[in-house]
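Undergrad: What follows is a predicted structure for the sequence shown.
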Amino acid sequence: MSTNDDITRRDFAKMTAAVTVVASGALGAGRRTAKAAAPARAMTASDAIGAIARGDLTAEEYAGALLARADELKDLNACILLNRDGLLEAARAIDVARRKGDKLGRLAGLPLLVKDNIDTKGVPTTGGTKALAGNRPKQHAPVLTPLFESGALLMAKTNMHELAFGITSTNAAYGFVKNPYNKAMIPGGSSGGTAAGIAARMSPVGLGSDTGGSVRIPPALCGIVGLRPSVGNGKKRYPDRGVVPISHTRDTVGPMARTVADVALLDSVITGDAAPQPASLKGVRIGVPRGYFWEGLDAELAQVMDVALAHLRDSGVVLVEADLEGIGDINNKISFPIALYEVGPDLTAYLAAEGNGIGFDQVVAGIESKDVAGAFAAAKTIPKDAYDAAITTGRPQLQKLYADYFKANGVDAVVFPTTPLPARPINPDGDTGKDTVELNGKEVPTFPTYIRNTDPGSNAGIPGLSLPAGLTKSGLPVGFELDGPVGSDLRLLALGMAIQTTLGVLPPPNI
């Protein structure tokens, strides 16, 4: 479908639902056909799980359809490793259990895309760098355990910015990831492979990791949903062991999907919380902090955002115009001192726990992306007193600013563009560290420009949910983000489900 087709997103959503219902009823008869594969891969996770449980679709057929899609779109370079044999074997076991009448898990037969910095037992976890190609974890990362125990299946380890130190997924070691909506464009990073694979219908769901925006920036640029869960209340919502780290203060795993409901499903399984129902939007108060988050936006993106805000108003949302005064200055004092100071000891500890004989110096020496090598060099220059000040003074100040804002304005969340601009062309020299993008006629540095809006919430440890706002005139997705008080993850998901119902879904990429 061309992005120029005369069809609204709401109309497209209705069409997709109708096709899925018709297709799922026909899938139980005989072997799958090529025509049936397309509706199968268009299913949401919830729809696919239901079809498998009913016997309308076998887990093996579903896995085969998604593997075929991944093979068809190899040029996106979304995957570092495709777990073909393991996925099909596990899918067959699900089918055998269903035929025997065994009770199936909540996610039975659901293939997952997993960012390749999240440990998978016996399957390499490279962190997107060749020095870790031989890293075969002895255990799954704890965040994966409840998903696999509920019947989810490992489909692929996905490509990423090398060692998660970037937002383009322009990886010199394993190749550049491409955006499904325009293969000349970046998909965002560092979780670009997972986002690109979900948008391209290789799987409806997956996991990434987020230090400063990496499960929100790729979803925004690829037209899907991403959740950064709470980390700032002394206890992380998701366990973070078994993940190649940058910063124990800032890092978290986060789920991504094409729908907020599917993100909520994964969140429910990981945490054990009941998945929320869509909220009523009537009378909900949401802050609009224009003074920092809405400045200097790309012109096409700004038009999409204005339309999205109008939809929120029409749905009964009360938009409260109120700034987070001084947030940029506070955030800038703590962002890099925390991440760059912690990466050395945190990565060293991870490698020691893996027991794979690979040391920190070996990993650093093997970095192929020059921008990432530059970041590790910069990490050596961060003085301890700057880090201590960021942790003991700056971060609490930022957290208090957010807490006071939510309370004083009586808002459930703030809303803003996830990124100030849509996807930009892949820069083949972007891994050299000399990477800029065009924004309103000026060349600006890529990394700080894209993380500008996602970084403050990351440092404060509050939850953030990015969901599709629409397509630009150029046919590129853009996202808007809801950030809420620490611990308000379920409320954000409930609001997100209602908002996505209001806005509709994006048409799939024309690939």
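TA: Sure thing, it's come through.

Undergrad: wait, doesn't residue 359 sit right on residue 347?
TA: No: the criterion here is CB atoms under 8 Å, and residue 359 misses it with residue 347 at 9.9 Å. In this view, the C-beta of every residue, glycine as well, is placed from N, C-alpha and C.

Undergrad: Comparing the two, which residue is more hemmed in?
TA: A side-by-side neighbour count of residue 359 and residue 347, using other CB atoms under 10 Å, places residue 347 first with 22 against 14.

Undergrad: In a strand, that one, correct?
TA: No: assessed with DSSP: H, G, I helix; E, B strand; the rest coil, residue 347 is helix; it does not lie in a strand.

Undergrad: and the gap between it and residue 145?
TA: As judged by CB to CB, to the nearest Å, residue 347 and residue 145 stand 23 Å apart.

Undergrad: element containing residue 198, please.
TA: helix 192-199 (DSSP states H and E).

Undergrad: Quick one: list the elements packing against the helix or strand following that helix.
TA: Using DSSP H and E, the helix or strand that follows helix 192-199 in sequence is strand 205-210. Secondary structure elements in contact with strand 205-210, counted by 3 or more CB pairs under 8 Å, 6 or more residues apart in numbering; DSSP states H and E, are strand 111-115, helix 192-199, strand 225-228, strand 252-257, helix 260-271.

Undergrad: Can you add mean pLDDT, mean neighbour count and distance to residue 97 and give the ones you listed back as TSV?
TA: As requested, those are exported to TSV (pLDDT from 0 to 100; neighbours: other CB atoms under 10 Å; distance: least, CB to CB, whole Å):
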stretch	mean pLDDT	mean neighbour count	distance to residue 97
strand 111-115	99	29	16
helix 192-199	98	34	26
strand 225-228	98	32	30
strand 252-257	98	28	25
helix 260-271	98	23	18
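
Undergrad: so the helix holding residue 198 versus helix 260-271, what angle?
TA: 130 degrees (axes from the mean of the first three to the mean of the last three CA atoms, to 10 degrees).

Undergrad: you'd agree residue 356 is up against residue 131?
TA: No: using CB under 8 Å, residue 356 is not in contact with residue 131; the gap is 10.5 Å.

Undergrad: Neighbour count: those two, which is higher?
TA: A count of neighbours by other CB under 10 Å puts residue 131 above the other of residue 356 and residue 131, at 21 against 15.

Undergrad: helix/strand/coil for the more buried one?
TA: helix.

Undergrad: so it touches residue 360, yeah?
TA: No: using CB under 8 Å, residue 131 is not in contact with residue 360; the gap is 10.0 Å.

Undergrad: pLDDT weak spots in the stretch 1-150 of the chain?
TA: 1-38 (pLDDT under 70).

Undergrad: Can you pull the phi/psi pair for residue 120?
TA: Taking degrees, to the nearest 10, you get phi -130, psi 130 for the backbone angles of residue 120.

Undergrad: ditto for residue 468
TA: Per degrees, to the nearest 10, the backbone of residue 468 is at phi -60, psi 130.

Undergrad: ok, now the one 5 residues further on?
TA: Taking degrees, to the nearest 10, you get phi -60, psi -30 for the backbone angles of residue 473.

Undergrad: which residues does residue 211 contact?
TA: By CB atoms under 8 Å, 6 or more residues apart in numbering, the contact set of residue 211 is 164, 190, 246, 247, 250, 251, 339, 458.

Undergrad: which residue sits closest to residue 414, ignoring its sequence neighbours?
TA: Leaving aside its chain neighbours, residue 414 sits nearest to residue 287 (4.2 Å; criterion: CB to CB, 6 or more residues apart in numbering).

Undergrad: Pull the number of nearby residues for that neighbour.
TA: Using other CB under 10 Å, residue 287 has 25 other residues around it.

Undergrad: now do residue 438
TA: 12.

Undergrad: thinking it is in contact with residue 425, fair?
TA: No: applying CB under 8 Å, one finds residue 438 not in contact with residue 425, separated by 9.0 Å.

Undergrad: And the helices in the stretch 401-511 of the chain, which stretches?
TA: Shown for the stretch 401-511 of the chain, the helices assigned by DSSP state H, counting those that start in this stretch span residues 446-451, 455-460, 489-503.

Undergrad: For the stretch 351-500 of the chain, which residues score under the pLDDT cut-off?
TA: Ranges of the stretch 351-500 of the chain meeting pLDDT under 70: 431-433.

Undergrad: now with 90?
TA: Along the stretch 351-500 of the chain, the model assigns pLDDT under 90 to residues 428-435.

Undergrad: What separation is there between residue 425 and residue 176?
TA: Taken as CB to CB, the span from residue 425 to residue 176 is 11 Å.

Undergrad: These two: who's more crowded?
TA: More crowded of residue 425 and residue 176, by other CB under 10 Å: residue 176, with 21 against 13.

Undergrad: Give me the nearest residue to that one, chain neighbours excluded.
TA: Per CB to CB, 6+ apart, closest to residue 176 is residue 170, 4.9 Å.

Undergrad: so the one you found sits right up against residue 161, yeah?
TA: Yes: using CB under 8 Å, residue 170 is in contact with residue 161, at 7.0 Å.

Undergrad: For the two, indicate the residue with more neighbours.
TA: residue 161 (32 against 26).

Undergrad: Might you report the residue contacts of residue 89?
TA: So residue 89 contacts nothing (CB under 8 Å, 6+ apart).

Undergrad: Can you classify it by secondary structure?
TA: Assigned with three-state DSSP, residue 89 falls in the helix class.

Undergrad: What is the three-state secondary structure of the residue nearest the centre of the chain?
TA: Nearest residue to the geometric centre of the chain (CA atoms, centre = their mean): residue 215, 2.9 Å. With three-state DSSP as the basis, residue 215 sits in coil.

Undergrad: From here on, call the first residue 58.
TA: Yes, from this point I'll number from 58; that puts the last item at residue 272.

Undergrad: so what's it scoring on pLDDT?
TA: As predicted, residue 272 sits at a pLDDT of 98.

Undergrad: these two touch, right, it and residue 246?
TA: No: counting by CB under 8 Å, residue 272 stays clear of residue 246, with 10.5 Å between them.

Undergrad: nearest residue to residue 518 other than its sequence neighbours?
TA: Residue 518 sits nearest to residue 289 (CB to CB, 6+ apart), 1.8 Å away.

Undergrad: where does the one you found land in three-state SS?
TA: coil.

Undergrad: and it, what does it touch?
TA: So residue 289 contacts 456, 517, 518, 519, 543 (CB under 8 Å, 6+ apart).

Undergrad: just checking, residue 378 touches residue 345?
TA: Yes: assessed by CB under 8 Å, residue 378 is found in contact with residue 345 at 5.2 Å.
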